[in-house]
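*Asks:* model this:
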Amino acid sequence: GFSCDKCDFETNLCKALHEFNLQPGWVRRNGQSGIGPPYSDHNGNKSAYFLSLSSKMQSSSATLRTNVFLPTDEEPVCQITFHYWVSQMSGTLMVGLQKHSEDTVTNIWQVSGEQQSQWKAHTITINSTEKYEV
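*Replies:* Numbering: from 1, shown residues only. Sure, this is the predicted structure:
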């Protein structure tokens, strides 16, 4: 079967994300960093690490790209669950899908910072028989 990795940022970037795909603006930090909320991760752990957009990035965007997913014909469906925090100040979090036969990234989900600041979880389901990145 297709094994899914739990992905956290305790040691560095997790296996799903390329080091070199961490664009300027992303900061690996925890709730004790003194930068501001969130003050813990989604489990309430103040010392656990997460990725956060620098406040200097308010007017621009920054991307995180996953490694290439290699689906099989027997297992074309992948579910990815992620935890996110969108403050009222910040803009929009978008999830895009790029299949290797396509030049463009297709936006498959997004959320904006209108609701109150809290951790939420979202699961996306991807059905693809070809290689793709998220």
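*Asks:* which positions in stretch 95-103 come out as buried?
*Replies:* Buried residues in stretch 95-103, counted by 16 or more other Cβ atoms under 10 Å: Val95, Leu97, Gln98, Lys99. (Each C-beta comes from the backbone N, C-alpha and C, glycine too.)
*Asks:* ditto for stretch 113-127
*Replies:* Within stretch 113-127, the residues that qualify as buried by neighbour count (16+ other Cβ under 10 Å) are Ile126.
*Asks:* what's the burial count for Pro24?
*Replies:* Per other Cβ atoms under 10 Å, the neighbour tally for Pro24 reads 10.
*Asks:* wait, it touches Thr63, no?
*Replies:* No. Here Pro24 lies out of contact with Thr63, judged by Cβ atoms under 8 Å, at a distance of 10.5 Å.
*Asks:* overlap of the contact sets of the two?
*Replies:* The contact sets of Pro24 and Thr63 do not overlap (Cβ atoms under 8 Å, 6 or more residues apart in numbering).
*Asks:* just to revisit the earlier point, need the buried residues of stretch 95-103 in CSV with secondary structure, can you?
*Replies:* Formatted as CSV, the buried residues of stretch 95-103 follow (DSSP: H, G, I helix; E, B strand; the rest coil):
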residue, secondary structure
Val95, strand
Leu97, strand
Gln98, strand
Lys99, strand
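*Asks:* farthest-apart pair in these, please.
*Replies:* Greatest spatial distance among the buried residues of stretch 95-103 (Cβ to Cβ): Val95 and Lys99, at 14.1 Å.
*Asks:* what does stretch 34-41 contact?
*Replies:* Residues from elsewhere that reach stretch 34-41, judged by Cβ under 8 Å, 6+ apart: 27, 29-32, 46, 48-50, 52, 55, 83, 85, 87, 117, 119.
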